[in-house]
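Q: Whatever this is, show me its structure:
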Amino acid sequence: MHRERNVKIVATLGPASSGPDRIRALFEAGADVFRLNFSHGSHDDHLERIRTVRALEQQLNHPIGLLADLQGPKLRIGSFRDGAIDLIPGNRFRLDLNATAGDVSGVQLPHPEVLGSLTPGTELLLDDGKIRLRVTEVHAAWAMTEVLVGGRLSDRKGVNLPNTVVPLSALTPKDRADLSFALAHGVDWVGLSFVQRPDDLREARALINGRAALLAKIEKPSAVDTLDEIVALSDAIMVARGDLGVEMPLQAVPGLQKKIVRAARRAGKPVVVATQMLESMIKAPVPTRAEVSDVATAVYDGADAIMLSAESASGDYPIEAVRTMNSIAEQVERDPLYRGIMDAEHNNPENTPSDAITAAARQVAETIGAAAIVTYTMSGSTALRAARERPRSPILCLTPLIETARRLSIAWGVNAVVAPDAINFSDMIAKAATIARTIELARPGDSLVVTAGVPFGTPGNTNVLRIARVEAI
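A: As a prediction, this is how the structure comes out:
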């Protein structure tokens, strides 16, 4: 089977989307990758969902990606004596390491690294930016602030420091335990939250050690400042607009989204646009017009994937949300304007034989009206180069490795099929034609553009382009 669109859909699993029937319904509605949000749920919960997805994969004989999204170092204040307080603009408010329940004069900030990063004038945002404080005085174990924007503040609300790089690892002890669990159960992607600096990715990659691909979530201004280096060190990027929209002015986020998507596309790395895409569908069976436009914009930008969070994890209409996102994406990709944008934004190929062959494959496929571009790959790099070209023809990726096929489920336009590696040219062409016909990407008489590397089985060595004809059985 294959989708009638190129952009992929990531659906988060949760209480509203557990169990074999519900997960199968989400897949049939259009989900290509399932996200496990380790900010919520127990390991037992996640294990049950992993097993359900893998069982579905076997039933359908279709690779399905699993993304383990780590919580990251989410900063929070402590608790209050009465559960909540009201902060008044102009009042002083103390943040310290004292575990005593707080009141209107102050509350615990149980992060000594944060206190050590503060200087007079530093601004802190609490409760998703609803409360704004400015540091006036700093000591080793406490900081005094002035309330700039007040309001109701309750226990354990989040803390954001928009213009401060905090000397915290992107991997907390909880993240390390979650990562070990996720890798032991064969997830395909690991999402690293609150990336601040390139070294965060190096640390995570050393722990992953090739057992999964690494996705960097861009949700901190400091990550935007080193975007190109972070893109280079990651396998994929996520535009995580939730915290990004807290730490930066909301009006800056649309431009940043385009900047991040283009940086990832230039590098040939999959890019996912996430957060609040169909937020109203948590409680409503249809989205707002603004949400439809938001999803469409991400597709027009050429994102590899678009993601649902609470809409599919805990909302009242998870299947409808996936189906709606699927229909929006299909409609956009039928629009001649979409194809015009994709054609106008081809990145120049790198000066390598592999890039030259891949760019030529797109041009040849367009010239002859090929039904598909076929790539043979071990690592997935050949398929990702093809996706970077955003061709008019769908991409059929043949790989002998199920792990590669699963990872490619997040990549634009790639239809990954597990197949034995080709023995020679004749075998390569025969396999390509048979599988393209079987999954209904091509019909007898259609042409295929096939790329591969010689000698066969050598990773990262695309150096052959062939035109093949699909014959009748």
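
Q: Could you use CA atoms for every contact and neighbour count after this?
A: Fine.

Q: Any idea how many residues pack against Gly413?
A: 30 (other C-alpha atoms under 10 Å).

Q: how much space is there between it and Ser18?
A: Counting by C-alpha to C-alpha, to the nearest Å, the gap from Gly413 to Ser18 is 27 Å.

Q: same deal with Gly315?
A: 12 Å.

Q: between the two, who's got more neighbours?
A: Gly315 (22 against 19).

Q: On the three-state scheme, Ser379 is what?
A: coil (DSSP: H, G, I helix; E, B strand; the rest coil).

Q: quick one: it and Thr404 touch, right?
A: Yes. Under the criterion of C-alpha atoms under 8 Å, Ser379 makes contact with Thr404 at 6.1 Å.

Q: Those two: which is more packed in?
A: Thr404 (25 against 19).

Q: ok, the more buried one - contacts?
A: Residues near Thr404 by C-alpha atoms under 8 Å, 6 or more residues apart in numbering: 378-380.

Q: do Ala267 as well
A: Per C-alpha under 8 Å, 6+ apart, neighbours of Ala267: 231-232.

Q: can you tell me how far it sits from Gly315?
A: 35 Å.

Q: what about the strands in the stretch 51-200 of the chain?
A: Ranges of strands in the stretch 51-200 of the chain, per DSSP state E, counting those that start in this stretch, are 65-69, 84-87, 92-96, 106-108, 123-126, 131-138, 142-149, 151-154, 159-160, 189-192.

Q: Touching the shortest one from outside, list them.
A: By C-alpha under 8 Å, 6+ apart, the residues outside strand 159-160 that reach it are 74-77, 124-129, 246-247.

Q: Closest one of the residues you listed to Ala284?
A: Of all those, Asp128 has the smallest distance to Ala284: 23.4 Å, by C-alpha to C-alpha.

Q: ok, and the closest non-adjacent residue to that closest one?
A: Spatial nearest neighbour of Asp128, chain neighbours left out: Val246 (5.9 Å); criterion: C-alpha to C-alpha, 6 or more residues apart in numbering.

Q: Over to Glu123?
A: Closest to Glu123 by C-alpha to C-alpha, 6+ apart is Arg134, at 4.4 Å.

Q: sorry, back to before: could you tell me how many residues sit around the residue nearest to Asp128?
A: 21.

Q: Please apply the same query to the one 3 residues further on.
A: Pro249: 10 surrounding residues under other C-alpha under 10 Å.

Q: Can you give the domain ranges for this structure?
A: 8-73+170-332, 84-160, 353-469 (automatic domain parsing).

Q: can I get these in TSV with mean pLDDT and distance to Tyr338?
A: Compiled in TSV, the domains of the chain are given as follows (pLDDT from 0 to 100; distance: least, C-alpha to C-alpha, whole Å):
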stretch	mean pLDDT	distance to Tyr338
domain 8-73+170-332	97	6
domain 84-160	95	34
domain 353-469	92	11
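
Q: Now flag whichever of the contacts of strand 159-160 is closest to Gly445.
A: Val246 (54.3 Å).

Q: Outside of the one helix or strand that closest one maps to itself, list whatever touches it.
A: Under the criterion of DSSP states H and E, Val246 resides in helix 241-247. With contact meaning C-alpha under 8 Å, 6+ apart, helix 241-247 is reached by 125, 128-129, 160-162, 218-221, 253, 273-276.

Q: which helices and strands sit right next to the helix or strand hosting Gln363?
A: Applying DSSP H and E as the criterion places Gln363 in helix 353-368. Helix 353-368 makes packing contacts with strand 372-376, helix 381-388, strand 447-453, strand 462-469 when contacts are defined by 3 or more C-alpha pairs under 8 Å, 6 or more residues apart in numbering; DSSP states H and E.

Q: Measure how that helix sits relative to strand 447-453, angle-wise.
A: Here helix 353-368 runs at an angle of 180 degrees relative to strand 447-453 (axes from the mean of the first three to the mean of the last three C-alpha atoms, to 10 degrees).

Q: Can you name the residues in contact with helix 353-368?
A: Residues from elsewhere that reach helix 353-368 (C-alpha under 8 Å, 6+ apart): 349-350, 370-373, 382, 385-386, 389, 391-393, 447-451, 460-465.

Q: Would you mind giving the domains of the chain as a markdown table with distance to Arg339 added?
A: Shown next, in a markdown table, are the domains of the chain (distance: least, C-alpha to C-alpha, whole Å):
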| stretch | distance to Arg339 |
| --- | --- |
| domain 8-73+170-332 | 9 |
| domain 84-160 | 37 |
| domain 353-469 | 8 |
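
Q: so which of the ones you listed comes closest to Asp343?
A: domain 353-469 (7.7 Å).

Q: can you tell me the distance between the two ends of the closest one?
A: Per C-alpha to C-alpha, domain 353-469 runs 25 Å from first to last residue.

Q: cool, and stretch 444-461?
A: 30 Å.

Q: what do you get for stretch 270-290?
A: End-to-end for stretch 270-290, by C-alpha to C-alpha: 25 Å.

Q: Please point out which parts of that stretch sit buried.
A: Buried residues in stretch 270-290, counted by 16 or more other C-alpha atoms under 10 Å: 270-282, 284, 286-287.

Q: Quick check: the two most widely separated of those?
A: The span of the buried residues of stretch 270-290, defined through C-alpha to C-alpha, is set by Pro270 and Ala284 at 30.5 Å.

Q: Could you export the contacts of strand 159-160 as CSV, including distance to Arg211?
A: As requested, the contacts of strand 159-160 are exported to CSV (distance: C-alpha to C-alpha, whole Å):
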residue, distance to Arg211
Lys74, 25
Leu75, 29
Arg76, 31
Ile77, 35
Leu124, 37
Leu125, 36
Leu126, 36
Asp127, 36
Asp128, 34
Gly129, 37
Val246, 33
Glu247, 32
